[in-house]
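Trainee: Quick one, fold the following:
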Amino acid sequence: MTSNYMFNISFVNNQDEITIMYAQSAKKNGLTQKKRMLTILGVSVAIMFLLVVSVVYWFVMNKKKGKEV
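Mentor: Have a look, this model is predicted:
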């Protein structure tokens, strides 16, 4: 009977360890997903900024060329 009791205790401890490992894994996955999302957002904003600056520069240069000619 004591061996059965010890088996139940070890099973509960293993379940707790599995639950803790799952929670830690989920936390890491959440952080990784958040970092990935912020990286994608940052790169997208940088690309849009460069696109807007280049279009504005092109318009300004075309306007200057129109006045000179």
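Trainee: For the protein, which segments count as helices?
Mentor: 2-68 (DSSP state H).
Trainee: what stretches of it score poorly on pLDDT?
Mentor: Filtered on pLDDT under 70, the chain yields the residue ranges 1-15, 22, 67-69.
Trainee: so who does Ser54 touch?
Mentor: For Ser54, the contact set (C-beta atoms under 8 Å, 6 or more residues apart in numbering) is empty. Backbone N, C-alpha and C define where each C-beta goes, glycine included.
Trainee: measure it to Ile47 for me?
Mentor: 11 Å (C-beta to C-beta, to the nearest Å).
Trainee: Same question for Trp58.
Mentor: 16 Å.
Trainee: Same question for Met37.
Mentor: Here Met37 is placed at a distance of 16 Å from Ile47 (C-beta to C-beta).
Trainee: before we move on, what about Met61?
Mentor: Applying C-beta to C-beta, the value for Met61 to Ile47 is 21 Å.
Trainee: Same check on Phe59?
Mentor: Using C-beta to C-beta, we find Phe59 at a distance of 19 Å from Ile47.
Trainee: What of Leu41?
Mentor: Leu41 sits 11 Å away from Ile47, taking C-beta to C-beta as the criterion.
Trainee: same check, this time on Ile40
Mentor: Ile40 is 11 Å from Ile47, by C-beta to C-beta.
Trainee: Next: Tyr57.
Mentor: According to C-beta to C-beta, Tyr57 and Ile47 sit 16 Å apart.
Trainee: swap in Lys63?
Mentor: Taking C-beta to C-beta, one finds Lys63 at 25 Å from Ile47.
Trainee: Next: Lys28.
Mentor: 29 Å.
Trainee: Please apply the same query to Leu38.
Mentor: Taking C-beta to C-beta, one finds Leu38 at 15 Å from Ile47.
Trainee: now do Lys64
Mentor: Per C-beta to C-beta, Lys64 is found 26 Å from Ile47.
Trainee: and the residue positioned nearest the centre of the chain, what is it in contact with?
Mentor: Nearest to the mean C-alpha position of the chain, counting by C-alpha atoms, centre = their mean, stands Arg36 at 2.2 Å. Arg36 makes contact with no residue under the criterion C-beta under 8 Å, 6+ apart.
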